[in-house]
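Colleague: Could you look at this predicted model? Sequence included:
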Amino acid sequence: MGREQWKKIWVGSAGNMVEWFDWFVYATFAVYFADAFFPEGNETANLMNTMGIFAVGFFMRPVGGWLLGRIGDRRGRKAALTLTVTLMSASAILIACAPTYATAGYAGVAVLMLARLLQGLSVGGEYAASATYLTEASAPERRGFASSFQYVSMTAGQLVGLGLQILLQRNLSDAALHSWGWRIPFVVGALGAAIVFYLRRSLLETEVYADSGAAADASRGTLGLLWQHRREAFLVMALTMGGTVAYYTYTTYLTKFLSKSAGMDKSTASLVSFCALFVFMCVQPPAGMLSDRIGRRPLLITFAVGSTFLTVPIMTLLRHADTFWPAFGLALLALLVVTGYTSINACVKAELFPTGIRALGVGLSYALANALFGGTAEYVALWFKRAGHESGFYWYVAGCAAVSLVVYLTMRETRDIDLNRVAALDGGKRAAVPEATTITPAS
């Protein structure tokens with residue numbers, strides 16, 4: 001992999017890290033600011049309300065996937081990546097300055113809601129642009145390895161958020177964190193986004209897109225063209241279902257689960273998540289490299305089988321893990337299973353679409369699946385907990401993985417597909433896509 005390709009991956013990943021830092025700090029710091037925006041009452045109810053707003057952000061992701069995916073297909077991946085980080089910076093500033101219920105009543109909730117809508121718009125477009133960019137920017141025989149950096153950067157963003165949380169927990173009192181300390185990470189996120197905006201202005205466009213002649217084709221990035229690839233779009237939604245539910249269960253929800261259900265103190269729960277996520281981040285590139293050698297389907301199937309049969313026992317044991325090492329071991333086992341999905345899902349989805357519809361096809365389809373399953377995972381978990389049937393959520397996660405397993409078993413292998421192929425258009429109708437060019441696996 002040449003220096004130019006590494007530069008593209010680095011700049012794309014750095015922006016993705018900041019995007020997901022801002023996205024995840026809302027979830028990781030929700031336990032501190034949930035009571036600030038609602039009247040005093042049931043703590044679990046306030047947390048549910050706050051996470052309900054978190055879920056609302058996911059429902060803006062399809063809009064972001066459509067709007068910024070269209071921009072990515074028509075004006076280039078660079079234009080979409082620059083716009084997404086601008087929106088994220090604005091949303092972080094809004095949350096950092098949002099008034100509390102004691103100061104302005106429900107006006108603070110309105111500001112919080114607006115910020116989450118902007119975050120949803122931004123992250124929906126970020127996934128579309130970054131998944132496409134990282135896949136296209138790599139050598140054909142190393143697409144799995146290169147695209148794995150999407151979840152490396154996503155997890156790095158969450159680790160920075162968790163690390164900041166641990167630092168604040170150790171240096172500020174619990175009262176200070178609930179009062180004003182929770183605003184600090186959103187200020188940090190806004191500053192980070194400004195830095196990445198500067199870096200992305202000098203970002204190089206991918207050769208695959210630059211050589212595709214997108215500017216000359218009025219059908220690029222349109223819903224009409226996406227409809228011609230509706231089978232691939234539905235496939236992306238189905239293969240995302242199990243992966244996104246499992247990912248959010250063992251990342252953003254894990255800290256709250258350990259503190260609220262297992263009875264672990266917040267600082268230890270945060271440390272468990274931090275250590276498990278660090279190892280998880282490190283295994284993404286090796287797993288991506290493995291997919292370049294043996295294909296994408298074996299890793300996806302391994303994930304789905306593991307999640308289907310191990311979720312219930314892992315979550316049950318985590319429910320009773322009130323010390324660091326047992327919780328760390330179980331969380332790490334769960335995340336290693338999820339690696340079969342996270343390490344390669346970006347390139348699998350990008351490999352399903354031709355260049356002219358790749359960003360929109362990946363972004364909108366993935367965002368719809370996330371809105372339905374990923375964004376609601378924590379809310380569903382808290383709903384089961386409030387109803388007194390917390391174990392029902394474990395079976396829900398396992399069931400979603402089982403559905404995706406069926407998809408993985410029946411889908412085609414995508415490793416050897418040539419990304420330079422572009423479906424010819426004749427009178428607005430989709431012509432046959434050329435057979436995939438065989439690519440020699442990396443040695």
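Modeller: Perfect, thanks for sending it. Residues are numbered from 1 along each chain as shown.
Colleague: where's R415 relative to Q119, distance?
Modeller: To Q119, R415 is 33 Å away according to C-beta to C-beta, to the nearest Å. All C-beta spots, glycine's among them, are computed from the backbone N, C-alpha and C.
Colleague: neighbour-wise, which of those two wins?
Modeller: More neighbours sit around Q119 than around the other of R415 and Q119, counting by other C-beta atoms under 10 Å; the figures are 30 against 23.
Colleague: ok, and R220, which helix or strand is that part of?
Modeller: Using DSSP states H and E, R220 falls within no helix or strand.
Colleague: From E413, how far out is it?
Modeller: Counting by C-beta to C-beta, the separation of R220 from E413 is 27 Å.
Colleague: Please apply the same query to Y101.
Modeller: Relative to E413, and taking C-beta to C-beta, Y101 is found at 53 Å.
Colleague: Neighbour count: those two, which is higher?
Modeller: The neighbour count for Y101 versus E413, taken as other C-beta under 10 Å, is higher for Y101 (17 against 14).
Colleague: hang on, the more buried one packs against F38?
Modeller: Yes - contact status for Y101 versus F38: in contact at 5.8 Å, counting by C-beta atoms under 8 Å.
Colleague: Next, show the common contact partners of these two.
Modeller: Listed contacts common to Y101 and F38 are V109; contacts here mean C-beta atoms under 8 Å, 6 or more residues apart in numbering.
Colleague: so where do the helices sit in the stretch 1-150 of the chain?
Modeller: With helices called from DSSP state H, counting those that start in this stretch, the stretch 1-150 of the chain shows them at 3-28, 30-33, 43-74, 77-97, 101-104, 107-136, 143-147, 149-171.
Colleague: Of all those helices, which one is nearest E207?
Modeller: Nearest to E207, of all those, is helix 107-136, at 7.6 Å by C-beta to C-beta.
Colleague: Can you spell out which helices and strands pack onto the closest one?
Modeller: Here helix 107-136 is seen to pack against helix 3-28, helix 43-74, helix 77-97, helix 143-147, helix 149-171, helix 207-210, helix 345-351, helix 358-369 when contacts are counted using 3 or more C-beta pairs under 8 Å, 6 or more residues apart in numbering; DSSP states H and E.
Colleague: Mean neighbour count added to the ones you listed, as a markdown table?
Modeller: Putting the helices and strands packed on helix 107-136 into a markdown table (neighbours: other C-beta atoms under 10 Å) gives the following:
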| stretch | mean neighbour count |
| --- | --- |
| helix 3-28 | 22 |
| helix 43-74 | 22 |
| helix 77-97 | 23 |
| helix 143-147 | 29 |
| helix 149-171 | 21 |
| helix 207-210 | 18 |
| helix 345-351 | 28 |
| helix 358-369 | 29 |
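Colleague: Which of those sits closest to Y106?
Modeller: For the helices and strands packed on helix 107-136, proximity to Y106 was assessed by C-beta to C-beta; helix 43-74 is nearest, at 11.0 Å.
Colleague: in terms of contact, does N345 touch L239 like I think?
Modeller: Yes - counting by C-beta under 8 Å, a contact exists between N345 and L239, whose distance comes to 7.4 Å.
Colleague: Who are the contact partners of M154?
Modeller: Listed by C-beta under 8 Å, 6+ apart, the contact set of M154 reads N16, M17, W20.
Colleague: switch the cut-off to 10 Å
Modeller: Under the criterion of C-beta atoms under 10 Å, 6 or more residues apart in numbering, the contact partners of M154 comprise 13, 16-17, 19-21, 23-24, 123, 126-127, 130, 247, 251, 281, 284, 342, 346.
Colleague: Distance from the chain centre to stretch 333-351, please.
Modeller: In this view, stretch 333-351 has its centroid 11 Å away from the chain centroid, taken as C-alpha atoms, centre = their mean, to the nearest Å.
Colleague: just so I know, which of the helices of the stretch 1-150 of the chain lies nearest L360?
Modeller: Distances from L360 to each of the helices of the stretch 1-150 of the chain were compared using C-beta to C-beta; the minimum, 3.5 Å, belongs to helix 43-74.
Colleague: from the middle of its chain, how far away would that closest one be?
Modeller: Here helix 43-74 shows a centroid-to-chain-centroid distance of 11 Å under the convention C-alpha atoms, centre = their mean.
Colleague: how far off helix 358-369 does it point, in degrees?
Modeller: Orientation check (axes from the mean of the first three to the mean of the last three C-alpha atoms, to 10 degrees): helix 43-74 against helix 358-369 gives 160 degrees.
Colleague: how about the helices and strands packed on helix 107-136 in TSV, adding mean pLDDT?
Modeller: Listed next are the helices and strands packed on helix 107-136 as TSV, based on pLDDT from 0 to 100:
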stretch	mean pLDDT
helix 3-28	78
helix 43-74	81
helix 77-97	90
helix 143-147	92
helix 149-171	88
helix 207-210	83
helix 345-351	94
helix 358-369	93
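Colleague: Serialize these to a markdown table and add fields for distance to L112.
Modeller: Output for the helices and strands packed on helix 107-136, formatted as a markdown table (distance: least, C-beta to C-beta, whole Å):
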| stretch | distance to L112 |
| --- | --- |
| helix 3-28 | 9 |
| helix 43-74 | 6 |
| helix 77-97 | 7 |
| helix 143-147 | 33 |
| helix 149-171 | 17 |
| helix 207-210 | 36 |
| helix 345-351 | 30 |
| helix 358-369 | 21 |
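Colleague: Which of these sits closest to S273?
Modeller: Among these, the nearest to S273 by C-beta to C-beta is helix 149-171 (5.7 Å).
Colleague: Return the residues in contact with the residue nearest to V109 when sequence neighbours are not counted.
Modeller: Distances taken as C-beta to C-beta, 6 or more residues apart in numbering place F37 nearest to V109, at 5.1 Å, with adjacent residues excluded. Taking C-beta under 10 Å, 6+ apart, we find F37 in contact with 46, 49-50, 53, 98-102, 104-113.
Colleague: same thing but at 7 Å, please
Modeller: If you count contacts by C-beta atoms under 7 Å, 6 or more residues apart in numbering, F37 has them with T50, T100, Y101, G108, V109, L112.
Colleague: Farthest pair within those residues?
Modeller: In the contacts of F37, two members sit farther apart than any others by C-beta to C-beta. They are T50 and T100, at 12.5 Å.
Colleague: Could you verify my assumption that G52 touches V380?
Modeller: No - under the criterion of C-beta atoms under 7 Å, G52 makes no contact with V380, lying 11.2 Å away.
Colleague: who's in contact with R143?
Modeller: Applying C-beta under 7 Å, 6+ apart as the definition, the contact partners of R143 turn out to be T135, D292, C347.
Colleague: which one of the helices and strands packed on helix 107-136 lies closest to T323?
Modeller: The minimum distance between T323 and these falls on helix 149-171, with 17.1 Å, by C-beta to C-beta.
Colleague: how about the next helix or strand after the closest one: buried residues?
Modeller: Moving toward the C-terminus from helix 149-171, the next helix or strand (DSSP H and E) is helix 174-179. Residues of helix 174-179 classed as buried by neighbour count (16 or more other C-beta atoms under 10 Å): L177, H178.
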